[in-house]
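>>> generate a structure from the sequence data that follows.
(2 chains)
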Amino acid sequence: MLATYKNKRIKRSTEDYIIDFVVAIIVCFVFFVTVYPFWYCIVLSFNEGTDALRGGIYFWPRKITLENYNAVIGIDYIPTAFMVSVARTLLGTVLCVVFTGLFAFAISHKKLMGRKIYITAMIIIMYFSGGLIPQYMLYKTMGLMNSFWVYIIPNLFSAFNAVIMMNAFREIPDSLEEAAIIDGANDMRVFFQIVFPISMPTMATMALYSGVWHWNTWTDSAFFISNKSLKTLSNVMINLINQSESAAQTMVGNINQSQVTYTAMTLRPAAMIICVIPIAIVYPFLQKHFVKGVMLGSIK
Amino acid sequence: MSVINKAKEKSNYKARIKRSLRRFYAQRWLQLFAILGFVYILIFNYLPMLGIQIAFKSYKPSMGFKGMFTAPLARNYGFYHFISFLKDPNFSIVMRNTVGLSLMKLFFSFPVPILFALALNEMRHIKIKRIVQTVSYLPHFISWVIVYGILFSFLNTSNGVINSLLQSLGKEKMEFLTGKEYYYTIAVISDIWKEMGWWSIIFLAAISGIDQTQYEAAKVDGASRFRCIWSITLPNIKSTIMIVLILAIGSLIRGGMGGSNFDQSYLLGNSLNYERSVTLPYYVYEMGLAQQRFSYATAIGLFQSVISLLLVLISNYVSDKLTGSSLF
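Numbers count the residues shown, from 1 in each chain, chains lettered A, B, ... in the order given. Take a look at the predicted model:
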C-alpha cells in the first residue's frame, strides 16, 4: 500500500506535466508583462533622446546618458512639484495616522459613552458620501481653495484605517493600560507611550498606505489648486506626459538650445521614473505587512 | 404620596445625571479624542451630505455655501435636474460606457486574480513563486498617472513600442489613444494589469488557509491535481470569492475593484474618443467643475451613489441567501 502510494508520487503523470507547463507559462507571462513596461521606461530614460527617436530600442539603452534626468530637473515646475508632493506626503501621513489613531483608540474602549453613535457615524461614511460638488463648495467656503492645506485637512481622517486600527487596539490587554492609569498617566500618554508602540506594525502599515495614497493622488491638486507652484508631482506629470515633441524642446530652461538631445520620448520616462522612485524605496517595507491589510480591507 | 414619589424620582434623575457626568469626566481624554474625530466627520462628511439637496434645487455657484440650503426648489417638484439628465443627449452614451465598461471589467478582471492565485499555488518553485508574486502587485502602488504615461509610451503613434513593432512587421500603425474603437480594450487590459496581483493576494491567503490533510486524503484516494483544484481548492475559497464579488459589484459604477473609471476617463479620454471614454464619475466632474452646472452635477452624482448603494445591498442580500457569506 505504502509502496504504491510512494510510486505514484514519484512518477508524474502527463496531467502533472501539462499543469506544470501551463503554470510556468502563466507565471512567466505575468512576470514579463508586469516588469517589462517599467524596464522599458528605465531603458528609455537613460538613452539619448534624438537617438531614441530612430527607434529599435527595446531591452537595452543604445547611447547611455543622464541628460534626460538633468533636463527633467531643469524644468522649472518639477522641483517645486516634487517638494510639494514630499511635504504633503510627510505631513499628511503623520497627521492622518495620529488623528485617526486617537479616534480609533477612543472607540476601541467598550466603556466609552456614546460609542455606538461614533461607530455608526464612521461606518456610514464608508458607503455613502456627499459627492464632488458639495465637497467643492465646503472647501471653497473654508478657504481651502488654492491652499496647501487642501491636501492635508480633508484627508485627516480615514474611516477605513480607523476600523483596522480599532481592531488592532482591541487586541492589546486591558491590564497594560490600567496599570499605566494607576501610575498616574492620562489617556494621551497611554496612547503615545503604550498603545502606539505596541501596535507599531499596524501603525506602520497605515502610515505606508496613507503615504502611498498621498504621493499618488492627483485629483485634489487638479480640482482645487490652480496656482502652479502648489501643484503636486503626480498632477504636473499629466502635462508632461501629454507634451508634444516640439513643446518638449522649449520646456527646459538654462540649457543651450543648439545642444539639446533630449526629446519628449525620453523626458517622459525619466520623469515617470523620478515619480516612481519613492514608491520603489518603501515597497520592501510595504509588502512586508500589507497582506494583513488587504485581508482586513475585504472584511470591512 | 405622589409628591414623595415625584421627589424621589427627581433625586433619582439627578443622581443618574451626576453618575453619568462622573463617568464622562473619568473618560474625558477618550471623549476628547472621540469627539474631535466625530466633529471632523460631521463637518467633512455629513455636511457635504446635507449639500446633496442642491440636486433638487436651482443652485448657482455664486450663491455660496449658505445658498445650498436657501436656494429655491427646482421645477418639476425638484426633479428637474434628474429629468434633464434622462433627456441629456449624452445620457445614453454615458450609461452605455459606464455599464459596459464596468461589466467588462467585472467579467474579465474578476476571474483573472483567481486564476493567477491558483497558478501560483501550483508553482513548485517557491523562490520563483515569491518573486513573481512580489512583482505582480507593484502596479497597484503606482499612480494612474504613471500607468497612463506607460500606456502613452507603448501606444502612441509616433514612437510607441507597439506601433514601432507593427511598422517593422510591415503593418499599418494604429491610433490606439485617439481611436474610439480601442478605448474599451485598453481600459479593461490596463485595469487588469494594475490590480491583478493585488487581488490575487487575498485569494492566495485564503488558499494557504486550507487544511492540508484534505489534499493528502484526496491524493491517497488517487485524485489528480486538476481534480484537487476543482474539488478542494475552489470550494474552500468560495466564501472569499463571494465576498470579493460583492465588493466588486458594489463598486461597479466606479469601475470595479480598482475603482478606475474616473482616472481612465480623465487621463485616457480625449475629444476624439469621448463617445467611448466618458463615464458617470467623469460626467459628474465635467458638468460640475468644468461647466459649473452644480445642481445638475450633484443630481447625476446622487443618481450614481444611489445605484452604487443599491448594488451593494442587492449583491450582499443575494450572496447571503445563496452562499451564506455577506458583508453585514
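
>>> low pLDDT regions in chain B?
Residue ranges of chain B with pLDDT under 70: B:1-3, B:328.

>>> which positions in the stretch 151-300 of chain B make contact with chain A?
By the rule CB under 8 Å from any CB of the partner chain, the part of the stretch 151-300 of chain B lying against chain A is B:152-154, B:158-159, B:161, B:164, B:168, B:193, B:196-198, B:201-202, B:205, B:219-220, B:222, B:224-226, B:240, B:243-244, B:247, B:262, B:267, B:284-285, B:288-289, B:294, B:297-298. Placement of C-beta: from N, CA and C, glycine included.

>>> out of those, list just those in helices.
By the criterion of DSSP state H, membership of these in helices covers B:152-154, B:161, B:164, B:168, B:193, B:196-198, B:201-202, B:205, B:219-220, B:225-226, B:240, B:243-244, B:247, B:262, B:267, B:284-285, B:294, B:297-298.

>>> show the buried residues in those.
Burial by neighbour count, 16 or more other CB atoms under 10 Å in any protein chain shown: within these this picks out B:152-154, B:161, B:164, B:193, B:196-198, B:201-202, B:205, B:225, B:240, B:243-244, B:247, B:262, B:267, B:284-285, B:294, B:297-298.

>>> where exactly do the strands run in chain A?
With DSSP state E, there are no strands along chain A.

>>> how is it carved up into domains?
A:2-74+A:243-299, A:77-229 (automatic domain parsing).

>>> among those, which is the most enclosed?
Compared across the domains of chain A, domain A:77-229 shows the largest average neighbour count, a mean of 18 (mean count of other CB atoms under 10 Å in any protein chain shown).

>>> and that one, how far out from the chain middle?
On the basis of CA atoms, centre = their mean, to the nearest Å, domain A:77-229 sits 15 Å off its chain's mean C-alpha point.

>>> so how far is the first residue of that domain from its last?
One end of domain A:77-229 sits 7 Å from the other (CA to CA, to the nearest Å).

>>> residue nearest the centroid of the chain?
Let's take chain A. Nearest residue to the geometric centre of chain A (CA atoms, centre = their mean): A:V212, 1.8 Å.

>>> actually, chain B is the one I wanted.
B:S251 (3.6 Å).

>>> surely it meets B:M257?
Yes. Counting by CB atoms under 8 Å, B:M257 is a contact partner of B:S251 at 6.4 Å.

>>> Provide a list of residues in contact with residue 232.
This is for chain A. Contacts for A:T232 (CB atoms under 8 Å, 6 or more residues apart in numbering or on different chains) come out as A:A81, A:V84, A:S85, A:R88, A:Y151, A:T217, A:W218, A:S221.

>>> my bad, chain B
By CB under 8 Å, 6+ apart, B:I232 lies in contact with B:I210, B:Q214, B:Y215, B:A218.

>>> on contacts alone, who are the packing partners of the helix or strand hosting B:I35?
Using DSSP states H and E, B:I35 sits within helix B:28-41. When contacts are defined as 3 or more CB pairs under 8 Å, 6 or more residues apart in numbering or on different chains; DSSP states H and E, helix B:28-41 sits against helix A:77-107, helix A:115-127, helix A:187-190.

>>> show me the contacts for residue 272.
Assuming you mean chain A. Here A:M272 is in contact with A:C41, A:S45, A:M237, A:I241, B:I146, B:G149, B:I150 (criterion: CB under 8 Å, 6+ apart).

>>> should've been chain B
B:T178, B:G179, B:K180.

>>> just those now: which is nearest chain A?
Nearest to chain A among the contacts of B:L272 is B:T178, at 12.4 Å by CB to the nearest CB.

>>> does the closest one belong to a helix, a strand or coil?
At B:T178 the chain is in coil, as set by DSSP: H, G, I helix; E, B strand; the rest coil.

>>> before we move on, what SS does the closest residue to it other than its chain neighbours have?
Nearest non-adjacent residue to B:T178, counting by CB to CB, 6 or more residues apart in numbering or on different chains: B:L272, 4.2 Å away. Under three-state DSSP, B:L272 falls in the coil class.

>>> now B:L272: how far from B:G179?
Computed with CB to CB, to the nearest Å, the distance linking B:L272 and B:G179 is 7 Å.

>>> list the contacts for A:P37?
Neighbouring residues of A:P37 by CB under 8 Å, 6+ apart: B:I150, B:S153, B:F154.

>>> dump those residues to a markdown table, plus distance to A:I277.
Formatted as a markdown table, the contacts of A:P37 follow (distance: CB to CB, whole Å):
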| residue | distance to A:I277 |
| --- | --- |
| B:I150 | 15 |
| B:S153 | 17 |
| B:F154 | 21 |
